[in-house]
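S.K.: Pasting the sequence and the predicted model now:
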Amino acid sequence: LDQAGLLQRLYWDLSPESRVAAESFATLEDAAQAGRQCAEFEGMDVEALRAKCLEWGMPLAAGKDKEEYLARLQAGASWALLPAPELEKQCAELEVDLKGIPLSSDPRARREQLLNVLIYGIAGVPSGRLGSLEAAGRVAGFFAEVHAKTAEELRAMCKEWNVPLSSDASVEQLHEKLFYAALYGELPEKELELECQEWGCSIGKMKFGGADARAVQLRELLHCGLNDVPIHRFDSLEAASSVASQYIALQEMSLAEMKSVCQDWTLPVKEGSLREKLTNDLQFAILWWELPTTQLEAECRELGCMPSTLDKDDADRRKSLLDALLFHLCWQTFEALGVWVGDLTSHADAWRLHEEFQVIDELSPSDAEARYAELGLPCKGLPRARLVERLKQVAAWLIMPFQAVLRQCREQGLASSSPEGEREQVVVRLAQRVWGASASAGAWH
């Protein structure tokens with residue numbers, strides 16, 4: 001450097017514009033312009049900085065520290081004036097993959113491309129994976145559009161894109177869902193396969209079927225993943241899609257509608273149950289009804305509720321596994337509802353007993369006496385509460401495993417060698433032994 005150059009450099013080092021490294025720029029004037037822009041940003045408040053990030057296509061969610069917005073804008077201000085070789089260095093430092101991007105040999109066009117790659121990259125768009133800057137630009141443009149939306153508008157967009165979230169989802173969660181939905185819509189087939197592998201999917205074992213192109217089916221599978229479906233546990237797209245569509249339908253249901261579905265699916269509901277609890281129970285039920293049998297077995301082992309015996313027939317095997325899982329899921333709710341599940345071994349029996357208890361609880365005093373008398377038991381002077389409790393015990397004996405009934409017979413000194421087909425007679429004898437038979441006790445119908 002001659003004397004003039006040294007003076008110019010000294011002035012630069014002492015000036016407020018020296019917020020950027022001058023040696024990275026082609027001229028000191030470019031460096032000065034970038035420095036002035038950075039200084040201008042420092043004088044802005046947080047909301048103005050966020051708006052400027054959005055304007056420059058580098059959106060950042062609300063609620064960040066001022067330094068985060070500043071860092072993003074100052075990087076963009078520098079990139080806008082750096083020469084192409086320096087932009088390539090920036091790409092390398094930020095580990096931006098340029099392999100999948102066909103860069104131009106024209107210096108000006110190449111510089112513009114590199115600038116776009118960096119701008120898209122800081123917004124989270126992996127240009128190299130998308131295969132073209134046009135596709136990356138579409139995703140980045142959509143993401144910038146998303147960041148300009150209110151929370152309510154974002155929820156409406158998620159619903160429109162079939163990736164609905166609960167009403168308490170944060171703005172960041174809404175952004176993430178929409179970003180990946182847009183990204184998957186642009187990724188080429190090879191990258192879609194890699195993304196599925198990231199989700200733990202074994203693509204080679206997945207049954208796709210249908211006439212749609214493979215890329216379309218891979219996108220549908222990933223879309224299921226965006227709806228919280230554990231796609232790595234499925235061996236067919238059809239089953240995973242079924243779960244996803246039902247999960248989406250759940251988000252649209254009112255609390256009353258969810259309770260109705262629980263009733264239809266024999267899932268008990270406590271009074272005052274929150275939406276989150278019903279959603280959780282229904283999602284588990286939906287998932288288990290669609291999972292392959294091998295996954296149901298793995299789930300039972302993990303939860304410690306594997307049935308003691310399993311049929312070799314797949315349909316019967318699935319039925320037993322599903323029953324065990326549902327019983328595990330609903331045990332505490334049954335208990336909270338007053339259902340005596342201690343001697344029961346299946347969800348189906350617990351639901352039957354739950355329904356019986358509901359019927360008994362609704363009996364009038366005269367109906368309760370009549371039903372109790374049919375057992376050949378004396379009811380004179382017994383309060384309704386005692387009658388109801390004893391009728392529930394009879395209902396439990398009629399439903400619980402027969403061996404448990406015979407065990408109680410032995411405890412009461414009754415013969416315990418009767419076959420299952422004589423359960424009702426055994427229960428009547430047991431009730432009469434425990435509470436005493438009436439003088440007119442006869443056959444029980």
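M.R.: Everything's here; your move.

S.K.: E238: neighbouring residues, count only.
M.R.: Around E238 there are 12 other residues, counting by other Cβ atoms under 10 Å. For glycine as for every other residue, the C-beta is placed from the backbone atoms N, C-alpha and C.

S.K.: and it, how far is that from F208?
M.R.: If you measure E238 against F208 using Cβ to Cβ, to the nearest Å, the figure is 9 Å.

S.K.: now do E356
M.R.: When Cβ to Cβ is applied, the distance between E356 and F208 equals 46 Å.

S.K.: quick one, which of those two is more surrounded?
M.R.: E356 (18 against 15).

S.K.: how far out from the middle of the chain is the helix or strand where the more buried one lies?
M.R.: Assigning secondary structure by DSSP states H and E places E356 in helix 347-361. Distance of helix 347-361 from its chain centroid, counting by Cα atoms, centre = their mean, to the nearest Å, is 31 Å.

S.K.: Same question for stretch 114-134.
M.R.: Chain-centre distance of stretch 114-134: 29 Å, with Cα atoms, centre = their mean.

S.K.: now stretch 78-92
M.R.: Centre to centre, stretch against its chain (Cα atoms, centre = their mean), the figure for stretch 78-92 is 40 Å.

S.K.: Stretch 119-139 too?
M.R.: From the chain centre to the centre of stretch 119-139 is a distance of 27 Å (Cα atoms, centre = their mean).

S.K.: Give me the contact list for it.
M.R.: Judged by Cβ atoms under 8 Å, 6 or more residues apart in numbering, the contacts made with stretch 119-139 from elsewhere in the structure are 56-59, 72, 75-76, 79, 91, 94, 96-102, 113, 116-117, 140, 143-144, 179, 182-183, 186-188, 191.

S.K.: Of the residues you listed, keep whichever come out buried.
M.R.: Members of those that pass the buried threshold by neighbour count (16 or more other Cβ atoms under 10 Å) are listed as 56-59, 72, 75-76, 79, 91, 96, 100-101, 113, 116-117, 140, 143-144, 179, 182-183, 186-187, 191.

S.K.: M44 contacts C53, doesn't it?
M.R.: No - checked against Cβ atoms under 8 Å, the pair M44 and C53 is beyond contact range at 10.7 Å.

S.K.: With neighbour numbers in mind, choose between those two.
M.R.: Neighbour comparison, M44 and C53: the larger count goes to C53, with 25 against 16 (by other Cβ under 10 Å).

S.K.: could you list every residue that touches the closest residue to D281 other than its chain neighbours?
M.R.: For D281, the nearest residue in space outside its immediate sequence neighbours is L267; the separation is 5.4 Å by Cβ to Cβ, 6 or more residues apart in numbering. When contacts are counted by Cβ under 8 Å, 6+ apart, L267 is found next to 281-282, 285, 326, 329-330.

S.K.: rerun at 7 Å
M.R.: The contact partners of L267, taken as Cβ atoms under 7 Å, 6 or more residues apart in numbering, are 281, 285, 330.

S.K.: quick one: which of these sit in helices?
M.R.: When these are checked against helices (DSSP state H), the matches are 281, 285, 330.

S.K.: For E86, see how far away the first one is.
M.R.: Put plainly, it is D281. Summarising the geometry, the distance separating D281 from E86, computed by Cβ to Cβ, is 57 Å.

S.K.: what about these two, which has more around it?
M.R.: More crowded of D281 and E86, by other Cβ under 10 Å: D281, with 22 against 19.

S.K.: doesn't L329 make contact with that one?
M.R.: Yes - assessed by Cβ atoms under 7 Å, D281 is found in contact with L329 at 6.2 Å.

S.K.: Pipe the ones in helices among the contacts of L267 into a markdown table and attach distance to D367 and pLDDT per row.
M.R.: Output for those, formatted as a markdown table (distance: Cβ to Cβ, whole Å; pLDDT from 0 to 100):
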| residue | distance to D367 | pLDDT |
| --- | --- | --- |
| D281 | 33 | 97 |
| A285 | 34 | 98 |
| C330 | 29 | 97 |
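
S.K.: Would you reformat those as CSV and include distance to G304?
M.R.: Formatted as CSV, those follow (distance: Cβ to Cβ, whole Å):
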residue, distance to G304
D281, 19
A285, 19
C330, 16
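
S.K.: what's the burial count for G381?
M.R.: For G381, the neighbour count with other Cβ under 10 Å is 6.

S.K.: out of the ones in helices among the contacts of L267, who's nearest E369?
M.R.: Lowest distance from E369 to these (Cβ to Cβ) belongs to C330, with 32.5 Å.

S.K.: excluding its backbone neighbours, what's nearest the residue most central in space within the chain?
M.R.: Nearest to the mean C-alpha position of the chain, by Cα atoms, centre = their mean, lies D228 at 3.2 Å. Once its chain neighbours are removed from consideration, D228 has its nearest residue in Y247; the separation is 6.3 Å (Cβ to Cβ, 6+ apart).

S.K.: Tell me how far that neighbour lies from P164.
M.R.: Y247 sits 9 Å away from P164, going by Cβ to Cβ.

S.K.: And these two? Which one has more around it.
M.R.: With neighbours defined as other Cβ under 10 Å, Y247 and P164 compare such that P164 has more, 22 against 19.

S.K.: and that one, what is it in contact with?
M.R.: Applying Cβ under 7 Å, 6+ apart to P164 gives the contacts 158, 248, 251.

S.K.: got it, and Q246?
M.R.: With contact taken as Cβ under 7 Å, 6+ apart, Q246 is in contact with I286.

S.K.: where's it, which helix or strand?
M.R.: helix 237-252.

S.K.: how about the CA coordinates for that helix, as CSV?
M.R.: These are the backbone C-alpha positions of helix 237-252, laid out as CSV (Å, rounded to 0.1, in the frame of the first residue of the first chain):
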residue,chain,number,x,y,z
LEU,A,237,-48.5,-46.7,3.3
GLU,A,238,-52.3,-47.5,3.4
ALA,A,239,-52.2,-48.2,7.2
ALA,A,240,-50.1,-45.1,8.0
SER,A,241,-52.4,-42.9,5.9
SER,A,242,-55.4,-44.3,7.7
VAL,A,243,-53.9,-43.3,11.1
ALA,A,244,-53.0,-39.9,9.7
SER,A,245,-56.5,-39.2,8.4
GLN,A,246,-58.1,-40.2,11.7
TYR,A,247,-55.6,-38.1,13.7
ILE,A,248,-56.6,-35.1,11.4
ALA,A,249,-60.3,-35.8,12.0
LEU,A,250,-59.7,-35.8,15.8
GLN,A,251,-58.4,-32.3,15.6
GLU,A,252,-61.7,-31.2,14.1
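
S.K.: ok, and what's touching stretch 302-314?
M.R.: By Cβ under 7 Å, 6+ apart, the residues outside stretch 302-314 that reach it are 293, 300, 317, 320-321, 324-325, 328.

S.K.: got JSON lines for those, with neighbour count, pLDDT and distance to E40 too?
M.R.: JSON lines is the format used below for those (neighbours: other Cβ atoms under 10 Å; pLDDT from 0 to 100; distance: Cβ to Cβ, whole Å):
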{"residue": "T293", "neighbour count": "14", "pLDDT": "95", "distance to E40": "64"}
{"residue": "C300", "neighbour count": "20", "pLDDT": "97", "distance to E40": "63"}
{"residue": "R317", "neighbour count": "16", "pLDDT": "94", "distance to E40": "70"}
{"residue": "S320", "neighbour count": "18", "pLDDT": "96", "distance to E40": "70"}
{"residue": "L321", "neighbour count": "23", "pLDDT": "97", "distance to E40": "65"}
{"residue": "A324", "neighbour count": "23", "pLDDT": "97", "distance to E40": "66"}
{"residue": "L325", "neighbour count": "24", "pLDDT": "98", "distance to E40": "61"}
{"residue": "H328", "neighbour count": "16", "pLDDT": "97", "distance to E40": "62"}
